[in-house]
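A.B. asks: Predicted coordinates and the sequence they were generated for:
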Amino acid sequence: MNAVFRADYYRMTGKKWGIRSWLDLITRYDLRYLLHIRSRRNVLFTLKSLRASRKYGLEILSSDIGEGLYIGHAHNINVHPQALIGKNCNLNKGCTVGRENRGKRNGAPTIGNEVWIGSNAVVVGKIVIGDDVLIAPNAYVNFDVPSHSVVMGNPGKIIPRENATEGYITYKV
């Protein structure tokens, strides 16, 4: 097991990697998917991740994801290959981190450390999301967000708040 996957495993389960962890890996498809995307250099793991992508709607194609990724309710999560995601980030069901194809925000987002992205939230365009940001469920974000903020609504509204993700991001690595 590589160190990055072990950090992801800790974030997902709250347990250190050990002999009993293999049972979790066998019974939980979200952990298997994380193992597959962290081991893309291996052809077998790449094929298995493609199969899981089709089966569960998981399309996490970005190769630059920091350690400690947490996938909550792992269905229909899309991350563009050019997106950059920092450490200890949470992606919840139905969220999209995508590319904008025209205009001044042409490109994919850069997401900082300790960012919580809620269910069905959409983060698009060449924007920068700071550290310690909570993006509420169903929010639409196509603008830069400063660190220590909460974003909610459509169109998104920024609410400054210290420790915005406190209680939302657990088992930090």
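C.D. replies: Cool, the structure landed.

A.B. asks: Using the three-state scheme, assign the residue nearest the centre of the chain.
C.D. replies: For the chain, the residue nearest the mean C-alpha position is Leu91 (3.8 Å; C-alpha atoms, centre = their mean). Using DSSP: H, G, I helix; E, B strand; the rest coil, the secondary structure recorded for Leu91 is strand.

A.B. asks: looking at it, it is touching Val79, isn't it?
C.D. replies: Yes: under the contact definition of C-beta atoms under 8 Å, Leu91 touches Val79, with a separation of 7.2 Å. Every C-beta, even on glycine, is put in place using the N, C-alpha and C of the backbone.

A.B. asks: Overlap of the contact sets of the two?
C.D. replies: Both Leu91 and Val79 are in contact with Ile60, Val97, where contact means C-beta atoms under 8 Å, 6 or more residues apart in numbering.

A.B. asks: what's downstream of the top helix by length along the chain, the next helix or strand?
C.D. replies: Secondary structure of the chain per DSSP state H: the longest helix is helix 43-56. Where DSSP states H and E defines the elements, the next helix or strand beyond helix 43-56 is strand 59-60.

A.B. asks: what packs against that next one?
C.D. replies: strand 78-79 (3 or more C-beta pairs under 8 Å, 6 or more residues apart in numbering; DSSP states H and E).
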